[in-house]
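Asker: Here is a sequence with its predicted model. Questions after.
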Amino acid sequence: MSKYQLIATTPMGLEAVLARELKNLGYIDQVVENGRVTFYGDEKDICRTNMWLRTAGRILVKLGEFEARTFDDLFEGTKALPWTHWIPQLGEFPVDGRSHKSQLTSVPACQGIVKKAIVEKLKQRYNTEWFPESGPRYVVEVTLLNDIATLTIDTTGAGLHKRGYRKVATEAPLRESLAAAMILLSRWRPERPLYDPFCGSGTIPIEAAMIGWNIAPGLKRSFNAEDWTNLPPELWTQTREEAYDLIKDDVPLNIIGSDIDQEAIDIALSAVKNAGFSKDIKLELAPVADISPEGEYGCIISNPPYGERIGSYEEVERVSRQLGKVAKRLRNWSHFIISPNKNFETLFERRADKKRKLFNGQIECTFYQYFGPLPPR
């Protein structure tokens with residue numbers, strides 16, 4: 001198998017979490033940049049990282065990088081890349097584009113140039129003037145940054161946060177990859193209780209259960225590259241079989257979610273069932289002021305409602321104060337809360353032990369981390 005330069009994308013703020021995931025999978029040689037981690041792998045690694053990465057957005061194959069100050073530079077640089085190794089004669093190859101701080105500012109024009117250059121390269125290989133694009137999908141992206149063009153092909157398709165268990169969602173749901181990142185940052189372990197008092201669609205409890213049982217997040221979904229001619233189907237079959245073998249569904253879980261909205265609980269119940277945790281995740285209808293989680297040394301991990309998205313600012317302040325009162329009752333618990341509210345610590349009545357800037361969609365938030373004592377050995 002050949003080695004390729006691969007790029008795992010991620011939302012801003014999660015680069016270090018993604019880099020740690022990749023290291024845990026054995027990918028040590030990596031470069032961490034804003035919104036992405038570059039590493040090396042072969043065809044099997046394309047399957048494996050799509051299947052296992054919880055905080056990544058997509059896995060891209062990097063075809064090449066070159067200076068492009070003119071359209072001629074962009075055309076010739078693109079044409080020189082090994083497109084025929086990836087795209088078959090019937091392949092569909094739409095082109096997406098972005099440009100930042102570069103002389104080539106017209107993204108549609110750059111997309112057109114890249115498309116034309118790829119067509120010219122494929123003409124030479126397949127000896128034809130017309131490509132029906134009726135086969136597997138190879139989404140090409142041209143990114144221009146400081147006059148450097150980077151050309152990639154997306155192996156993933158629908159973003160990796162789409163695990164497949166959430167058919168319906170509440171308003172402003174937490175993205176699955178961000179929920180997984182919050183859990184990974186908390187260093188929660190399945191032997192500890194976990195409680196989410198604003199569970200909404202159930203994303204945090206489900207992601208925690210998947211981590212607790214070591215279930216690969218991509219196990220029940222498909223990927224664009226599954227149809228690619230140079231990634232044999234047996235690679236995907238083998239990757240899935242290995243993932244099934246690594247599931248630890250004999251580990252007991254103590255995971256509970258609650259919400260004040262019955263519709264949210266109903267949606268969460270459906271997602272929990274789709275994810276296969278009907279007997280292992282408990283959901284309750286309860287306001288945050290009334291929660292009383294059982295167990296010692298547990299973790300509250302939650303995404304309370306935001307003023308920008310759901311409810312009024314008065315409600316946001318009220319639930320923040322209530323979370324602070326809950327924390328005073330649960331002195332041996334750890335608390336991990338994501339919020340855009342800069343005044344959260346004042347309302348919670350305690351300074352966070354650690355803070356981290358994260359983005360929930362386009363909203364800049366802070367992940368407030370309050371560490372309780374660790375369970376005794």
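Answerer: Looks like it arrived, so ask away.
Asker: going forward, measure contacts between C-alpha atoms and count neighbours the same way
Answerer: Will do.
Asker: Might you list the low-confidence residue ranges for the stretch 101-250 of the chain?
Answerer: Residue ranges of the stretch 101-250 of the chain with pLDDT under 70: 169-172.
Asker: count of neighbours near residue 4?
Answerer: 16 (other CA atoms under 10 Å).
Asker: Which pLDDT does the model give it?
Answerer: Note for residue 4: predicted pLDDT of 96.
Asker: distance of the residue lying farthest from the centre of the chain from residue 187?
Answerer: In the chain, the residue that sits farthest from the middle, by CA atoms, centre = their mean, is residue 127; the gap is 40.3 Å. As judged by CA to CA, to the nearest Å, residue 127 and residue 187 stand 56 Å apart.
Asker: now the lengthiest helix in the chain: how far from the chain's centre is it?
Answerer: Across the chain, the longest stretch assigned as helix under DSSP state H is helix 107-126. The chain centroid and the centroid of helix 107-126 are separated by 30 Å under CA atoms, centre = their mean, to the nearest Å.
Asker: ranges for the helices of the protein?
Answerer: 15-24, 43-52, 71-79, 107-126, 176-186, 203-212, 233-245, 262-275, 313-329, 344-348.
Asker: Can you convert those helices into a markdown table and add a column each for mean neighbour count and distance to residue 99?
Answerer: Shown next, in a markdown table, are the helices of the chain (neighbours: other CA atoms under 10 Å; distance: least, CA to CA, whole Å):
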| stretch | mean neighbour count | distance to residue 99 |
| --- | --- | --- |
| helix 15-24 | 18 | 21 |
| helix 43-52 | 22 | 26 |
| helix 71-79 | 18 | 13 |
| helix 107-126 | 18 | 6 |
| helix 176-186 | 22 | 26 |
| helix 203-212 | 25 | 34 |
| helix 233-245 | 15 | 34 |
| helix 262-275 | 19 | 38 |
| helix 313-329 | 18 | 37 |
| helix 344-348 | 18 | 36 |
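Asker: Out of these, the one nearest residue 295 is which?
Answerer: Nearest to residue 295, of all the helices of the chain, is helix 313-329, at 12.5 Å by CA to CA.
Asker: For the closest one, name the packing helices and strands.
Answerer: If you count contacts as 3 or more CA pairs under 8 Å, 6 or more residues apart in numbering; DSSP states H and E, helix 313-329 packs onto helix 344-348.
Asker: ok, residues contacting the helix it packs on?
Answerer: 317, 320-325, 351-352 (CA atoms under 8 Å, 6 or more residues apart in numbering).
Asker: how does it look with 10 Å?
Answerer: Here helix 344-348 makes contact (CA atoms under 10 Å, 6 or more residues apart in numbering) with 316-328, 337-338, 341, 350-352, 366, 368.
Asker: mind listing what residue 214 touches?
Answerer: With the criterion set at CA under 10 Å, 6+ apart, residue 214 makes contact with 52, 208, 243-244, 246-249, 251.
Asker: Repeat that for residue 185.
Answerer: Here residue 185 is in contact with 14, 17, 179, 336, 356, 367, 369 (CA under 10 Å, 6+ apart).
Asker: Below-threshold pLDDT in the stretch 251-377 of the chain: ranges please.
Answerer: Along the stretch 251-377 of the chain, segments meeting pLDDT under 70 span 307-312.
Asker: any idea where the strands of it begin and end?
Answerer: With DSSP state E, counting those that start in this stretch as the criterion, the stretch 251-377 of the chain has strands at 255-259, 281-285, 299-302, 334-339, 354-360, 363-370.
Asker: Throw those into JSON lines and include distance to residue 42 and mean neighbour count, thanks.
Answerer: Shown next, in JSON lines, are the strands of the stretch 251-377 of the chain (distance: least, CA to CA, whole Å; neighbours: other CA atoms under 10 Å):
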{"stretch": "strand 255-259", "distance to residue 42": "37", "mean neighbour count": "25"}
{"stretch": "strand 281-285", "distance to residue 42": "37", "mean neighbour count": "19"}
{"stretch": "strand 299-302", "distance to residue 42": "36", "mean neighbour count": "26"}
{"stretch": "strand 334-339", "distance to residue 42": "36", "mean neighbour count": "24"}
{"stretch": "strand 354-360", "distance to residue 42": "31", "mean neighbour count": "16"}
{"stretch": "strand 363-370", "distance to residue 42": "35", "mean neighbour count": "18"}
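Asker: So what's the residue count around the closest residue to residue 272 other than its chain neighbours?
Answerer: Excluding its sequence neighbours, the residue lying closest to residue 272 (CA to CA, 6 or more residues apart in numbering) is residue 278, at 5.7 Å. Here the number of neighbours of residue 278 (other CA under 10 Å) works out to 14.
Asker: Understood, closing this out.
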